[in-house]
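Colleague: here is a sequence with its predicted model. Questions after.
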Amino acid sequence: MRNFNRLIVNEWLKMSRKKSFLIPFLIVLVLPLLVGYVSHTFSTQTPEPGGAFMKDSLLPSGIGQIVTILAVIGTAGMVAKEYSLGTIKFLLIRARSRTVILGSKYMTALLYGFTLTLVTLISGFTAEMIWFADGIQSLDVQMILMSLLYGLVYTAVYVTFGFMMGILTTSTGATIGITMFVIMLDKIMIFRDFYKYMLFPNMNLSVYQDGGAPLPGMTLSFSSIVLSVYTLLFLLISFTVFRRRDVA
Amino acid sequence: MNQETTVQHHSAAVLQMKGVSKIIKGKAIVDKLSFEIRKGEIVGLLGPNGAGKTTTIRMMTGLIKMSEGDVIVNGYSMREHFNSAIAHIGAIIENPEFYPYMTGLENLRQYQRMTDQLEPGRIDEVVRLVGLQDAMNKKVKAYSLGMRQRLGIAQALLHRPKLLILDEPTNGLDPAGIREMREYMRTIAEVEGISILISSHMLAEIEQICHRAVVIQNGRLITVSELGTARRTDEHVILTLRVDSVEAAVVVAEQQEGVELMEAEPEIRQIRVKMMDSRVPDFVKALGARGVGLYRISEDKQSLEEEFLKWTGGNQIA
């Protein structure tokens, strides 16, 4: 376990020693405050007190989507960059199996996504307290935690997808391009029965909150299962390809 | 000759290649390659471009999967116990590539964290060995190729391997860098007491530092040649002599038993003769007795290059 933690330290340093590392954190720090200020000052329809603003800043339909996009951009190069820099050779000739090395990379990718979400949460909370809430006790904590969970799931699934694309394409640019395209696609709804088994309509779990469903026959547990199956499939492909591929 | 040299002292072998093949789309890039590297030995892996040197080295280090055979490192099978086998290998494959935005020290720490039980002073030790003390806190993107090579060696030695594998180590280095590299390799072999495998298509380089050369072509083993061993006295040698009088020297050469005159060049006052190694002292004595003044005597060594061309069938491009 100690060995695995040291690999995670390695991966985190590979990201954090870059000059651009702080930019996404600054974005998710400033964005909720900016949106909060603008909607408080200029909008006639202010969000209800009780945490609605905070909730929106976590959900995939709001600022949460920016968090996902930043997390994908930040982690797209985790495997691809090792290939393009050529450092993959030194990385794989250590007394660590490829499975363990890739596992540490995946854990770090999730950690990065969660850290971005945490910063968003803090910034959203600050904006909520300054402009919208009537004191901390008025917040609907359960609603906020559920939104946090939905936001994290959305981010985790796309980070996993991007992680797989990074391994398949070994190109940071292609990984970001393809994953962004897919994130755009998930807005499109095809009203056919087969579509509910696709990844996209299941991505945003918050749609079930008001008792609705994107397509007939879909429920929260149905979507959770579909997302789990896809995530496992992405990981299976990632690890199989990474373990078998010759480094030429 | 290959038979004798390849099959001995299994106990002392640091690395054994056992019928290793790489087959891609039905074509054998490396074909049932077997040889071994003994303790403390510097071995050259020699072959023309495209002979399969890099593929061989990548299979030794687990970057490419073997189609057949196995590599045994210090008794551990690369297939069965990858972690234990690779722990005894340090390698630089093609150019040493590091994370350019990190310092030399940060890069080495990366590999330190991937190693079991490493004493704290080890990084300082290898850095001193390659003489990079002053550059450790500089970012690697500011390093010259020579410095990256040295950092590459530091990285390879960090975990005290038994075998160091260097793939084309002098590629892209200037003559001073090549010389420096050669000195490092000698130092490492002595100080750290480890075996070294160097792949190269530069014959002179191999000739200068290696104890043995493994020659491959089209993925097959052509020969294993001992380099720089003491000459046996029952072998023929070819000598070039510079004398004051070519005519007199020719007479001596023709009269002397067991000496074959190959060439006489009066313009540059040289003759070339061939004889058994054991007959050389008598021949020199005879020249002296006839009053032939001798300015120089040198051996026409068949260089590794000629042997290499002989083994690999001349200038055939593989």
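Modeller: Cool, got the structure.
Colleague: for the one residue in chain A that gets nearest to chain B, which non-adjacent residue is spatially closest?
Modeller: Using CB to the nearest CB, the closest approach of chain A to chain B is made by A:Gly86 at 3.2 Å. For every residue, glycine as well, the C-beta is placed using N, CA and C. Once flanking residues are discounted, A:Gly86 sits nearest to B:Glu97: 3.2 Å by CB to CB, 6 or more residues apart in numbering or on different chains.
Colleague: so the one you found, which of the three states?
Modeller: Classification of B:Glu97 by DSSP: H, G, I helix; E, B strand; the rest coil places it in coil.
Colleague: dump the residue contacts of it.
Modeller: A:Leu85, A:Gly86, A:Thr87, A:Lys89, A:Phe90 (CB atoms under 8 Å, 6 or more residues apart in numbering or on different chains).
Colleague: any low-confidence regions in the chain?
Modeller: I'll assume chain A. Counting by pLDDT under 70, chain A has low-confidence residues at A:46-47.
Colleague: chain B is the one I meant
Modeller: Looking at chain B by pLDDT under 70, you get B:1-11, B:228-234, B:301-308, B:311-318.
Colleague: enumerate the residues of it near chain A.
Modeller: B:58, B:61-65, B:82-84, B:86-87, B:89, B:91, B:93-102, B:106, B:110-111, B:113-116, B:155, B:159 (CB under 8 Å from any CB of the partner chain).
Colleague: ChimeraX command for the buried members of those?
Modeller: Restricted to buried positions by 16 or more other CB atoms under 10 Å in any protein chain shown, the ChimeraX selection for the residues of chain B next to chain A reads:
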select /B:58,61,62,63,64,82,86,87,89,91,93,94,95,96,97,98,99,101,102,106,110,111,113,114,115,155,159
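Colleague: got the contact list for the residue nearest the centre of chain A?
Modeller: Geometric centre of chain A, nearest residue: A:Thr155, 1.9 Å, by CA atoms, centre = their mean. A:Thr155 makes contact with A:Gly64, A:Val67, A:Thr68, A:Ala71, A:Gly113, A:Phe114, A:Leu116, A:Thr117, according to CB under 8 Å, 6+ apart.
Colleague: would you check which pair of those lies furthest apart?
Modeller: Taking CB to CB as the measure, the contacts of A:Thr155 span a maximum distance of 12.9 Å, between A:Gly64 and A:Phe114.
Colleague: neighbour-wise, which of those two wins?
Modeller: A:Gly64 (27 against 15; other CB atoms under 10 Å in any protein chain shown).
Colleague: are any of the contacts of A:Thr155 buried, and which?
Modeller: With neighbours counted by 16+ other CB under 10 Å, the contacts of A:Thr155 contain buried members at A:Gly64, A:Val67, A:Thr68, A:Ala71, A:Gly113, A:Leu116, A:Thr117.
Colleague: surely the third one forms part of a helix?
Modeller: Just to be clear, that refers to A:Thr68. Yes - according to three-state DSSP, the state of A:Thr68 is that of a helix.
Colleague: quick one: what helix or strand has the nearest residue to it once chain neighbours are set aside in it?
Modeller: Excluding the flanking residues, the one nearest A:Thr68 by CB to CB, 6+ apart is A:Thr155, at 4.6 Å. Assigned by DSSP states H and E, A:Thr155 falls within helix A:141-169.
Colleague: got a list of what the residue of chain A closest to chain B touches?
Modeller: B:Glu94, B:Asn95, B:Glu97.
Colleague: got it, and A:Ala80?
Modeller: A:Ala80 touches A:Gly166, A:Ile167, A:Thr169, A:Thr170, A:Ser171, A:Thr172, A:Thr175, counting by CB under 8 Å, 6+ apart.
Colleague: was I right to think the fourth one contacts A:Leu85?
Modeller: No - in this structure A:Thr170 lies outside contact range of A:Leu85 using CB atoms under 8 Å: 11.2 Å.
Colleague: contact partners for B:His81?
Modeller: Contacts of B:His81 (CB under 8 Å, 6+ apart): none.
Colleague: how many neighbouring residues does A:Asn5 have?
Modeller: Counted with other CB under 10 Å, the neighbours of A:Asn5 add up to 12.
Colleague: need the helices for the chain, in chain order.
Modeller: No chain specified, so I'll use chain A. A:2-16, A:22-41, A:52-58, A:64-75, A:77-85, A:88-92, A:98-127, A:141-169, A:172-185, A:220-244 (DSSP state H).
Colleague: try chain B instead
Modeller: B:2-6, B:53-60, B:82-86, B:104-112, B:122-130, B:145-157, B:175-191, B:203-209, B:246-255, B:280-289, B:304-311.
Colleague: so which of those helices is the most packed in?
Modeller: helix B:53-60 (a mean of 24; mean count of other CB atoms under 10 Å in any protein chain shown).
Colleague: buried sites along stretch B:265-279?
Modeller: B:Arg269, B:Gln270, B:Ile271, B:Arg272, B:Val273, B:Lys274, B:Met275, B:Arg279.
Colleague: of those residues, which belong to strands?
Modeller: B:Gln270, B:Ile271, B:Arg272, B:Val273, B:Lys274, B:Met275 (DSSP state E).
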